[in-house]
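# Here's my sequence, what's the structure:
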Amino acid sequence: MVTLIETVYNFLWGDLFVLPLPGGGSLPLSILVILLIPTGIYFTIRTRVLPVRLFKDMVGAVLGKKNEKNSALSVLQTLIVSTATRVGMGNLVGVVAAISAGGAGAVFWMWVTAIIGSSTAFIEATLAQLYKEKDPLYGGWRGGPAYYIHKYFEERSGKKRRYVPLSILFALSGLICWFGISQVVSNSVTSAFENAFHIPPLYTTIVLVILGAVIVLRKNATVRVLDIMVPIMAGIYLLMTIILIIVNIQLLPSVFGRIFSEAFGLRQVAAGGFGAVVMNGVKRGLFSNEAGSGSAPCAAATAETDHPAKVGLSQALGVFIDTILICSCTAMIMLLTPESITNGLQGMDLLQTSMQYHLGEFGVIFIALIIFLFSFSTFIGVLFYARSNVAYLFGDNWTSQTIYKILALVMLFIGGLAAYSVVWDLGDVGVGLMTVFNIFMLYPLSKKALAALKDYESKREQ
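Below you'll find the predicted structure:
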C-alpha cells in the first residue's frame, strides 16, 4: 500500500518533463503543473482577465445578504469556509519551502499563479452553483464536482443515473485527501506546541480531538465556529505582518527589489537556478490556493445567492486572500529578517527563527498559536467539504455522515502522536487525483459558467 501511494504521488507531483534552459539550468514540470497552469491561462483569457477587470465585483459579491428564512449559507459564509481550508500549513511551511528552495523570486511566481488560478476558481465555483441541489440532511444546498460531473453525463446521455464513475472517483479522492489532511493537521499542531510550550504531544492531541468532536459531531456548529475563527486568525496574522513592515519600512524597497530581480533570474540564471525559482513559486502557489482541485466548489454550492456568478467571483477573491495576502505575510516575515540569521535554515525552523528575530520568544509562541488556528480551521473546513461527497457515495443518512467524522477524528488522534511521511503523501495523492478528475471536466462544462458570467455582466450594465 505504501509503495502504491508513493508511486502515484511521484507520478502526480514528480518531474514528468525537464526542459533545458539557457545557462545550464532546467525547468522541471509535473503533470499537475502541466494541467493547472495552462487551464488557468485559458480561463483567464476566456473570462477576459476577470481577476483584474472585475476585482471590485469580487469584493462586492461577498457583501450581499442572504434570506434569513432558510438554512442556506450566505456568499460570505461559503467564502469563510473555503478560506478556512485554503489558509493552512501551505501558507506557512509551503511558503517557507518555496523561498528556501527558490529564493525570494519564488514569491513573485506565487502571485502570478494566484492571478491565473482565480479564473479557474471562478469557473468551478460557478458550476457548483449552477448544478447545486437541495440537502435533505443539513438543510440548504449541496454540490461540488461530484455533482456537476454527474449532471454533465446525465445531460449527455439523456438518462437518469444513480452513479457516474468519474464522480465516484472524485468523491473517493476527496475523502482520501481529507483523511490525510486530518493527520497532517494534528501532527503540525502537536509539534509546534511541543517546541513552544514543551507540552507532550499526547496531551495536545487529546485536547484537539475533544475540541474537534464537540464541533464536527454537532449538526451545524461547523460554520458558526469558522465564522468567528477565520476572520480573527487571518486578521491577527495580517495585522502582525503590517506592524513588522512598518517597523522595518526602510527595508521594504530592498525586499521588493530582491523579489523582482530574483523572479526573473537576474541572479539565478548564471547559476542555472531560474527553473527552481519559477517552479517552487508556481507549485507552492498551486498547493496553497487549491484553485482547480475541486475542494472549494463543495463550499460554493451551499451558498444562497441571486446569481451564480457572484459565488464564482467570491471564490476568485478567496484565491487572492490566500496567496496575495496570507502567503505574502509569511514571505515578508522571512524576507525582512537578515539573511545572516536565516542562512542554512529550512522549514518551520526558518519561520520560527524569523519571528524570534522580530518579536523575541513571543514570536515562537505566536507562530505556534497561528499554526493551531490555521490547521484546526482546515480540519473543520474539510469535514464540511466531506458532507456532499459522503452523501453522493453512500446516500442521505446520518450513519455514513457520522462514521466518516469519527474516522477523521481517529486520524486526527493518530497523526498527533507520530509522523508518517506516507500520511503527507496520502493527502497530496488525494488532492492530486481530485485535480486531475476535476480539471478535465472543467473544459466541456465551462461554457455554462462563461454564459453565467456574460449574463451577470449584462444584468449589471442594465
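
# pLDDT weak spots in this structure?
By pLDDT under 70, the weakly predicted segments of the chain are 1-2, 21-27, 64-72, 88-91, 93-94, 97, 101-102, 265-289, 345-348, 418-425.

# residue ranges of the strands in it, please?
Secondary structure of the chain (DSSP state E): strands at 17-20, 26-29, 133-134, 141-142.

# For the residue lying closest to L393 once chain neighbours are set aside, give me its contacts.
Counting by C-beta to C-beta, 6 or more residues apart in numbering, L393 lies nearest to A171, which is 5.2 Å off, once chain neighbours are set aside. (C-beta placed from N, C-alpha, C; glycine too.) Shown in contact with A171 (C-beta atoms under 8 Å, 6 or more residues apart in numbering): A146, N389, V390, Y392, L393.

# The same query, at a cut-off of 10 Å, please.
Applying C-beta atoms under 10 Å, 6 or more residues apart in numbering, we find A171 in contact with 144-147, 149-150, 163, 294, 298, 386, 388-394, 434, 437.

# go on, A196?
Applying C-beta under 10 Å, 6+ apart, we find A196 in contact with Q352, E361, G363, V364, I365, F366, I367, A368, L369, I371, F372.

# max-length helix in the protein?
Longest helix in the chain, counting residues (DSSP state H): helix 421-461.

# Can you list the neighbours in contact with stretch 43-51?
When contacts are defined by C-beta under 10 Å, 6+ apart, stretch 43-51 is touched by residues 52-54, 57-58, 114-124, 291-292, 309, 312-313, 316-317, 319-320, 324, 442-443, 446-447, 449-450, 453-454, 457.

# what about that stretch, start to end distance?
Stretch 43-51 has an end-to-end distance of 11 Å (criterion: C-alpha to C-alpha, to the nearest Å).

# From here on, call the first residue 432.
All set: I'll call the first residue 432, so the last point we hit is now stretch 474-482.

# And it, what's buried?
F474, T475, R477, T478, L481, P482 (16 or more other C-beta atoms under 10 Å).

# What's the separation between the third one and L881?
Separation of R477 from L881 (C-beta to C-beta, to the nearest Å): 6 Å.

# Over to the last one?
Taking C-beta to C-beta as the criterion, P482 is separated from L881 by 15 Å.

# The fourth one now?
Look at T478 and L881: by C-beta to C-beta, they are 7 Å apart.

# any common contacting residues for these two?
Residues touching both T478 and L881 (C-beta under 10 Å, 6+ apart): F553, I554.

# quick one on the thing from earlier: could you name every residue contacting both of R477 and L881?
The contact sets of R477 and L881 overlap at I554 (C-beta under 10 Å, 6+ apart).

# Not counting its neighbours along the chain, what's nearest the residue most central in space within the chain?
Compute the mean C-alpha point of the chain, and by C-alpha atoms, centre = their mean the closest residue is R517, 2.9 Å away. The shortest distance from R517 to any non-neighbouring residue, by C-beta to C-beta, 6+ apart, is to D753 (4.2 Å).

# Okay, the one you found and L435: tell me how far apart.
Taking C-beta to C-beta as the criterion, D753 is separated from L435 by 31 Å.

# ChimeraX command for the buried members of the contacts of A627?
In ChimeraX syntax, the buried subset of these is picked out as below (16+ other C-beta under 10 Å):
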select :783,794,795,796,797,798,799,800,802,803
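
# Pipe the contacts of A627 into a markdown table and attach distance to Q681 per row.
Below are these laid out as a markdown table (distance: C-beta to C-beta, whole Å):
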| residue | distance to Q681 |
| --- | --- |
| Q783 | 24 |
| E792 | 25 |
| G794 | 20 |
| V795 | 25 |
| I796 | 27 |
| F797 | 23 |
| I798 | 24 |
| A799 | 29 |
| L800 | 29 |
| I802 | 30 |
| F803 | 33 |
